[in-house]
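Asks: Model the structure of this input:
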Amino acid sequence: MNAQKQLEPGSKYDHFDKDGDGVITDEEFALEREMMRADNEDKKEDQIRRMAWFALWGLLVYPVGIVVADIIGYDTTGQLLADIAPTYFVAISALVGAFFGAQAYQKSRTNPKK
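Replies: Presented below is the predicted three-dimensional model:
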């Protein structure tokens, strides 16, 4: 029978040892791994949410940029911004739509209807 491996004092893996006995069991390791996975998933979702909000704010600010460029006398700049506006709005709308579609798909997979 193999002897259990024990942690060195002050090991960087001390936080895996939930019951403080100096031995990391498979259950403790699996629990820590699951907690790390959940934390990473949460961070990923937060980042995607920030990206969607940034895109939505861009949809609101873009027209203001066109107006401001015209007001301060940059007629060519305002015209160039207006010329690429349709492409910009379609691209950002697709991005935001994909975000909400992915969220709905994930929610339907985790909470299937009975």
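
Asks: rest of the way, CA atoms for contacts and neighbours
Replies: Fine.

Asks: give the contact list for E32.
Replies: F16 (CA atoms under 8 Å, 6 or more residues apart in numbering).

Asks: so which helix or strand takes in it?
Replies: Assessed by DSSP states H and E, E32 sits inside helix 26-71.

Asks: Can you name every helix or strand that the next helix or strand after that helix contacts?
Replies: Elements were assigned by DSSP H and E; along the chain past helix 26-71, the next helix or strand is helix 75-110. Using 3 or more CA pairs under 8 Å, 6 or more residues apart in numbering; DSSP states H and E, the elements in contact with helix 75-110 are helix 26-71.

Asks: returning to that earlier point: relative orientation of the helix holding E32 and helix 75-110 in degrees?
Replies: 150 degrees (axes from the mean of the first three to the mean of the last three CA atoms, to 10 degrees).

Asks: Quick check: the spatially most central residue of the chain vs L56, distance?
Replies: The chain has Q47 as the residue nearest its centroid, 2.6 Å off, counting by CA atoms, centre = their mean. To L56, Q47 is 14 Å away according to CA to CA, to the nearest Å.

Asks: Repeat that for G10.
Replies: Taken as CA to CA, the span from G10 to L56 is 47 Å.

Asks: who has more neighbours, those two?
Replies: L56 (16 against 7; other CA atoms under 10 Å).

Asks: Let's see the pLDDT reported for that one.
Replies: For L56, the model assigns a pLDDT of 85.
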